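Enquirer: Sequence and predicted structure are below.
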Amino acid sequence: MRATQAVIDLQKLIHNARHLQKKAQGREMMGIIKADAYGHGVIAALNALKGIGWKYFGVATIEEALEIREEDGVVDVLILGTTSPEDFSLCAEKNISFAVHDRASLNEALALKGSAKVHIKVDTGMHRVGFLIEELMACADEIQALKPVGIYTHLARADEEDKTSALSQVAIFEKAVNGLKEKGVDFQWIHFANSAAILEMDLSFSNMVRAGVALYGLAPGAPHAELEPIMRWESRVLAVREIEAGEGVSYGHRFVAEAPRRIATVPVGYADGYKRQMSGRIAAWIDGKQCPQIGRITMDQAIFDVTDTQAQVGDEVELMGKHIPCDRLAEAADTINYEIVTTLGKRVRKVYV
């Protein structure tokens, strides 16, 4: 069996969840498990969070919602992204909550036979989808007729130290909710807080929060020592060889040894999510030391300089974990930690502890 695997610690997931619960101060928790639980495995994450009493979950697409519904027919699942109106009736049939975000989707939802669980999406500054506040007020009667269970917005800059923009969005959201309440529209759930907001903002104008990337131990902005990354990405040394000064390594020989070197091949590449743009900019932990990656990362393999170690074939390699944090891979790939874990290749086997 190929050595490259991701080890997922579900006890750390529960630790992070309980920390976020404490920060939420009694508000209802929605676990965001879209994108295969940010690459960590949706069913395992779902069941771990259910085990500590979580009942509400958020996803991005109807396909993700249906996968959860096949596993569990009871938990509440909300599709946070847009849902095609042709799937509204399927959502109603499967008891899946979905978002209404403009007049067209509102009219489609009103035309459904029978009841559906709907959340109203408000655009307070993200400017992807959602009702603007003046559109909400113009549609208040239709929204009241729909009897939505929730209303929400998404913050664009909650992960920044300066919370001015995020607070402005919350103020717009509060005005929208109160405006609808004055017109007789009430909601069971009011939510705006993503992971960054849960960790760093006043949550008073809400009774539900959406815990996403922080569940998996990754900070959405500034580091938070209380969060524990739940994934360790590991492999083993496949081959070790010695090269002389002047010899090149991997495609294009972008790396040429200036002196004799000892190098190790590891079975991980960009098809696994070990990104090509990290070539020459990242390291792995091998034999108790950080070993620079050299040459181009290829589709299936990467090469590391193990000159200063006693590394041998079969030795364990930490690609991401205690010594090589996810944020370091993200920096090397000119991206964010979210992308590193969500683009883990499907051939990287997941092992749960």
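Expert: Structure's in. What do you need?

Enquirer: Show me where the stretch 251-353 of the chain has its strands.
Expert: Remark: strands assigned in the stretch 251-353 of the chain by DSSP state E, counting those that start in this stretch are 255-256, 261-266, 283-286, 289-294, 302-305, 316-320, 349-352.

Enquirer: right, so these: which one is the most enclosed?
Expert: Each of the strands of the stretch 251-353 of the chain was scored by mean neighbour count; the highest is strand 302-305, a mean of 26, by mean count of other C-beta atoms under 10 Å. (Glycine included, C-beta is placed from N, CA and C.)

Enquirer: That strand: partners in the sheet, and parallel or antiparallel?
Expert: Counting by DSSP bridges, the strands paired with strand 302-305 are strand 261-266 (antiparallel), strand 289-294 (antiparallel).

Enquirer: now the last one and strand 316-320, what's the angle there?
Expert: So the one you mean is strand 289-294. 70 degrees (axes from the mean of the first three to the mean of the last three C-alpha atoms, to 10 degrees).

Enquirer: Quick one: mean pLDDT over strand 289-294.
Expert: Averaged across strand 289-294, the pLDDT comes to 98.

Enquirer: What are the contacting residues of it?
Expert: Contact partners of strand 289-294, identified using C-beta atoms under 8 Å, 6 or more residues apart in numbering, comprise 249-250, 255, 263-264, 278-285, 302-306, 308-309, 311, 323-324.

Enquirer: burial count for the closest residue in space to Asp123 that isn't next to it in sequence?
Expert: Nearest non-adjacent residue to Asp123, counting by C-beta to C-beta, 6 or more residues apart in numbering: Gly130, 3.2 Å away. Neighbour count for Gly130, taken as other C-beta atoms under 10 Å: 24.

Enquirer: what does Ile230 give?
Expert: Neighbours of Ile230 under the rule other C-beta under 10 Å: 28.

Enquirer: from memory it sits against Val7, does it?
Expert: No - contact criterion C-beta atoms under 8 Å: Ile230 and Val7 do not qualify, at 9.2 Å.

Enquirer: Spatially central residue in the protein, please.
Expert: Tyr38 (3.6 Å; C-alpha atoms, centre = their mean).

Enquirer: Can you name the residues in contact with the strand or helix carrying that residue?
Expert: Element membership of Tyr38 [criterion: DSSP states H and E] is helix 34-39. Residues outside helix 34-39 that contact it (C-beta under 8 Å, 6+ apart): 6, 32, 42, 44-46, 58-61, 64, 80, 212-213, 215-216, 218, 231, 273, 338, 341-344.

Enquirer: thinking again about what came up before, nearest to Arg18, of the strands of the stretch 251-353 of the chain?
Expert: Nearest to Arg18 among the strands of the stretch 251-353 of the chain is strand 349-352; the distance by C-beta to C-beta comes to 18.5 Å.
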